[in-house]
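Undergrad: Turn this into a model:
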Amino acid sequence: MAPAVTAWRDRLLGIDFGGTKMAVAVADRDGTILAAQRLATRAESGAEQALGRALDLAADMVARDGGRLVAAGIATPGAVRADGIDLAPNVPGWESLRLAAAVRKRFDDVEVEVCNDLNAAALAELRLGRLRDADPGLVLGIGTGTAAAVTVGGTVLSGRHGAAGEIGYAITGAGWRVPGPALEQVFSGRALDELARTFGLADAAELCAAAEEPGAPRDALTERVDELARHLVTCCLLIDPQRIVLVGGVAGSRLVREMLSNRLAHALPYRPEVVLSDFPNDASLLGAVTLAAEAARAVPSG
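TA: Numbers count the residues shown, from 1 in each chain. You can find the predicted model right below:
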């Protein structure tokens, strides 16, 4: 006879969906990650295949672990509705997905929480990271896209439609009729990848490396950072944050962090601290696991 599954075998599932990559983690009931794996989103192939491959991987990881799955947390771009997702243009078809329903169907009605990926990152920073002792806080995500999340009083501000912090839609330049997320088209990992190729460079990382020295790449990057900084200044004037935490692939650039910090110091009457997350590439995944841990409180142990 197989041994009974006890509370120490209860498991959590966390999934972070992104425009370039997806990450899946299995954790114990306390939120300690036991196994994690990444896979490419393949955005050009659409939403259904990305969701299907992520759930296949999650099912395989849960099966290999052998524990009892009690809850799942899902981090996704966009503003989450019960019947879909708004403001998620980077993966065709993503806005028509019903993520919670898909996870419950795959894992026999397990408890599921779904939230915006930057809000998930902000939750991770509040519970585990650089915002544990800072209030208010601002998390700036500069990865495939560009977005922010606001924390006040130990909670994440989601907004009326779950769209608080969607600064990628901020207007840039002189025109108002710009389709899609305007700021994100100027400054984001994807936008910097495109800019890099105009200089014969592979991607945003190579662009940032080249910009360490004076020259055309540095001038071009400076212009893009200036645009982002203008909007970040407005965010700071609105909420007066104690600390800004940077997450995402582009946040790893020391030069970009210094440029942003210097511009805020120049423009603001009260300068917030600008820091790199302790887990810049995993904040949303850790936030998804934290969501699962909070959902698991409704499930009796073992």
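Undergrad: Please, where are all the helices along the stretch 51-200 of the chain?
TA: 99-106, 117-128, 182-186, 189-197 (DSSP state H, counting those that start in this stretch).
Undergrad: hmm, who's touching the second one?
TA: With contact meaning CB atoms under 8 Å, 6 or more residues apart in numbering, helix 117-128 is reached by 16-18, 73, 75-77, 115, 131-132, 137, 139, 141, 147-151, 154-156, 158, 162, 165, 245, 247, 277-279, 283-284, 286-288, 290-291. C-betas here are computed from N, CA, C, even on glycine.
Undergrad: I'd like to know which of these are part of strands.
TA: 16-17, 73, 75-76, 115, 137, 139, 141, 147-151, 155-156, 245, 247 (DSSP state E).
Undergrad: Buried only: go through those residues for me.
TA: 16-17, 73, 75-76, 115, 137, 139, 141, 147-151, 156, 245, 247 (16 or more other CB atoms under 10 Å).
Undergrad: how about low-confidence regions in the stretch 201-302 of the chain?
TA: Scanning the stretch 201-302 of the chain for pLDDT under 70 picks out the ranges 302.
Undergrad: Would you map the strands across it?
TA: Under the criterion DSSP state E, counting those that start in this stretch, the stretch 201-302 of the chain carries strands at the ranges 243-247, 273-276.
Undergrad: Output the ones you listed in a markdown table, with distance to A35 appended to each entry.
TA: Converted to a markdown table, the strands of the stretch 201-302 of the chain look like this (distance: least, CB to CB, whole Å):
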| stretch | distance to A35 |
| --- | --- |
| strand 243-247 | 22 |
| strand 273-276 | 26 |
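Undergrad: mind listing the helices for the stretch 201-302 of the chain?
TA: With DSSP H, counting those that start in this stretch as the criterion, the stretch 201-302 of the chain has helices at 204-210, 216-239, 254-267, 283-295.
Undergrad: Export the ones you listed as CSV, with columns for mean neighbour count and distance to R11.
TA: Putting the helices of the stretch 201-302 of the chain into CSV (neighbours: other CB atoms under 10 Å; distance: least, CB to CB, whole Å) gives the following:
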stretch, mean neighbour count, distance to R11
helix 204-210, 20, 35
helix 216-239, 17, 37
helix 254-267, 16, 36
helix 283-295, 28, 9
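Undergrad: Please give me every residue in contact with A283.
TA: By CB under 8 Å, 6+ apart, the residues touching A283 are A120, A121, A124, E125, G129, V139, V247, S277.
Undergrad: could you flag which of those are buried?
TA: Among the contacts of A283, those buried by neighbour count (16+ other CB under 10 Å) are A120, A121, A124, E125, G129, V139, V247, S277.
Undergrad: which one of these is nearest G200?
TA: V247 (28.9 Å; CB to CB).
Undergrad: ok, that closest one - contacts?
TA: For V247, the contact set (CB under 8 Å, 6+ apart) comprises 118, 121, 125, 139-143, 277, 279-281, 283-284.
Undergrad: now, which of the residues you listed sits nearest Q37?
TA: Closest approach between the contacts of V247 and Q37, by CB to CB: N281, at 13.7 Å.
Undergrad: nearest spatial neighbour of that closest one, skipping sequence neighbours?
TA: Once flanking residues are discounted, N281 sits nearest to G249: 6.6 Å by CB to CB, 6 or more residues apart in numbering.
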